[in-house]
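Asker: coordinates only, no sequence provided:
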C-alpha cells in the first residue's frame, strides 16, 4: 500500500472454497482516472473491490493501491443515524468529534442536493438521495481511491440516469482515482476513462477498452452507442442477465 | 374499541354463566364477585402488589444486567461463548417449581430468592436476543466499517450495539411478560406475603374470588411492565418500521 500512486492488479486470483471468483485478473487505474469494471452478476467484481480495499488478500498475484474507500453495493447506511451522521461516519471512525464530523459533512450538503434532509433517517430518503449520502460518506473518508460497487444498481432507470450525470459532475469537482464496478455497460461508457470487461465466473479479463471520449457524454452520442455495442459484443449475451438480481453470488 | 367490546362481551357471558348456575361460583366466581373481592381486600392486595411488584422489578433489572453481560461477553469472547452457551440454554430446562424451594433453603425467606427466581426466568430471552442481534448485522455496513479501519470497540459502539437494540427490546418485553411467574413460584416455595402467597392461601381456604382478584393483579402487573418497555422502545428505537411514528418514503 503506497499513498500516492495508481491502482495496479497483476495476475490476481481469489477463490472462496471451491468457487473461483477471480482468476488471473490484471488491471490498472492511473491517478484521477475512472476505471469501470463490467461483467455479469457473480463474476467476482465485488471481490475485486474488497481486494483493493484491503478487506481480503489475493490467493495469487499482487494488488497495489493507495488507501481506498469503499461504497458497498447496497449503500450500507446505518438506519439509526441521520443523513448528516451517516455522511460523517468515516470522520467519526477516524476519531473526530460528532460536532466536527457533522460540520465537515454539512459543508457538502448543498452541492449534494441534500439541504433540508440533514436530520432525516435513511428510510425517509429517496433511493437517489441515499446513494448521494453514501457517496459523500465515501468521499469524506479522505482516501485517494474510491471503490464504488454498483452504486446505482438499485435505482430506477430515470433516477439512475440523473445520478450518473450527477456523479460525473461530482468527480469533475473532486477528482479521485475511481474503480467503478457495474453490470451496466452504458453506465461504464458514460463515466469511465477505461473499461475492463470481465467474463462470468471465474472472472477473467476479456478485453480492456479505452473510452477517450470528451465529457460530458450523453447516452445518445454516436460514439457512446458504438462503444457500448462493442463492449456488449465482447461480453456476449451474458451481460443481459436481469438487473438487480442476487448480490454477487459468492460464498 | 374492538378489544374493549370483546372484553365486555366475554365478561358479560362469564357473568351470565355463573349467575345462571351453570358453573359453581366456588370454582369460578363471577367477574362482579372478583371485583368485590378486589375492593373488600384492597388493603391486603395493595400491599401484596407492592411486594410482588418490587420483586419483579428488581428481578427484571437483574435479568437485564445479567443478560447484557452474557450477551456481550458471548459475542466478544469466543471462549466465553463456548463455555457459557450450554449453561445458558440448560438453565431454561430447570423446572422452576423444583428449583424454587432450593433457593429458599439457601437464601432464606427474604427478597433475595424471589429476585433470583425472577432473574432466572427472565435473563434467557434478553441474553439470546441481544446475542443474536449483535451478530445479525448488515454485511455491507460491516464491510464499510472494516474498510474504514474501525477498531473493535468502534464496530461494537457504532454498528453492532445499535443494530442489536430492536431485538434486545423484544427480549426484554418477553421477559417482562413472564417475570411474574418467577415471583409467584418463589413466593409459593416460601413467603408470608405477596400476590403469589395470597393466591396460595386463598386457594386453600376456597376463597376463590380473592384468588382470582390476586391473579387479576398479576395479569395487570405483567401488562403494565410490558407496556412500560414497549413505550421505552418507541422512544429509544425510532428507526424501524415497527416503531416509527411517521410513514416511510
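Answerer: That came through fine. From a predicted model like this one, the values you see are computed outputs, not experimental measurements. Numbers count the residues shown, from 1 in each chain, chains lettered A, B, ... in the order given.

Asker: how about the secondary structure of the closest residue to residue B:196 other than its chain neighbours?
Answerer: Using CB to CB, 6 or more residues apart in numbering or on different chains and skipping the chain neighbours, the partner closest in space to residue B:196 is residue B:187 (3.2 Å). The way it works is simple: take the backbone N, C-alpha and C, and place the C-beta from them, glycine included. Residue B:187 falls in the helix class when you classify it by DSSP: H, G, I helix; E, B strand; the rest coil.

Asker: residue B:187 reaches residue B:197, doesn't it?
Answerer: Yes: taking CB atoms under 8 Å as the definition, residue B:187 is a contact partner of residue B:197 at 4.7 Å.

Asker: and these two? Which one has more around it.
Answerer: For residue B:187 and residue B:197, the more surrounded residue by other CB atoms under 10 Å in any protein chain shown is residue B:187, and the numbers stand at 28 against 20.

Asker: for the more buried one, give me the pLDDT.
Answerer: Residue-level confidence at residue B:187 comes out at 90, pLDDT.

Asker: the longest helix in chain B is where?
Answerer: Ordering each helix of chain B by length in residues (DSSP state H) puts helix B:42-76 first.

Asker: for it, packing partners?
Answerer: With contacts defined as 3 or more CB pairs under 8 Å, 6 or more residues apart in numbering or on different chains; DSSP states H and E, the secondary structure elements packing on helix B:42-76 are helix B:78-91, helix B:111-135, helix B:161-189, helix B:195-204, helix B:208-236.

Asker: next, the angle from it to helix B:161-189.
Answerer: Here helix B:42-76 runs at an angle of 140 degrees relative to helix B:161-189 (axes from the mean of the first three to the mean of the last three CA atoms, to 10 degrees).

Asker: would you tell me which of the helices and strands packed on helix B:42-76 gets closest to residue B:42?
Answerer: helix B:208-236 (9.2 Å; CB to CB).

Asker: what's the average pLDDT for the closest one?
Answerer: 93.

Asker: and if you look at stretch B:47-64?
Answerer: Averaged over stretch B:47-64, pLDDT sits at 95.

Asker: contact partners for the residue nearest to residue B:196?
Answerer: Shown here is residue B:187, whose contacts under the criterion CB atoms under 8 Å, 6 or more residues apart in numbering or on different chains are B:52, B:55, B:114, B:193-197, B:200.

Asker: cool, and residue B:155?
Answerer: If you count contacts by CB under 8 Å, 6+ apart, residue B:155 has them with B:142, B:145-146.

Asker: who wins for most neighbours among these?
Answerer: Counting neighbours by other CB under 10 Å, residue B:145 leads the contacts of residue B:155 with 23 neighbours.

Asker: returning to that earlier point: can you tell me which of the contacts of residue B:187 lies closest to residue B:21?
Answerer: residue B:200 (28.3 Å).

Asker: tally of neighbours for the nearest residue to residue B:44 once chain neighbours are set aside?
Answerer: What sits nearest to residue B:44 in space, not counting adjacent residues and going by CB to CB, 6+ apart, is residue B:198, at 6.7 Å. By the other CB under 10 Å criterion, the neighbourhood of residue B:198 contains 27 residues.

Asker: how close does residue B:198 sit to chain A?
Answerer: 44 Å (CB to the nearest CB, to the nearest Å).

Asker: kindly report the residues of chain B close to chain A.
Answerer: For chain B, the residues found near chain A under the criterion CB under 8 Å from any CB of the partner chain are B:138, B:140-141, B:143-150, B:154, B:158-159, B:162, B:165, B:237, B:239-241, B:244, B:246, B:248-249.

Asker: from the residues you listed, keep the buried residues only.
Answerer: Neighbour counting by 16 or more other CB atoms under 10 Å in any protein chain shown classes B:138, B:140-141, B:143-148, B:150, B:154, B:158-159, B:162, B:165, B:237, B:239 among those as buried.

Asker: can you list the residues that contact the lowest-mean-pLDDT helix or strand in chain B?
Answerer: Confidence across the helices and strands of chain B bottoms out at helix B:96-107, with a mean of 86, counting by mean pLDDT, DSSP states H and E. Taking CB under 8 Å, 6+ apart as the criterion, the residues outside helix B:96-107 that touch it are B:113, B:116-117, B:120-121, B:181-182, B:185-186, B:188-190.
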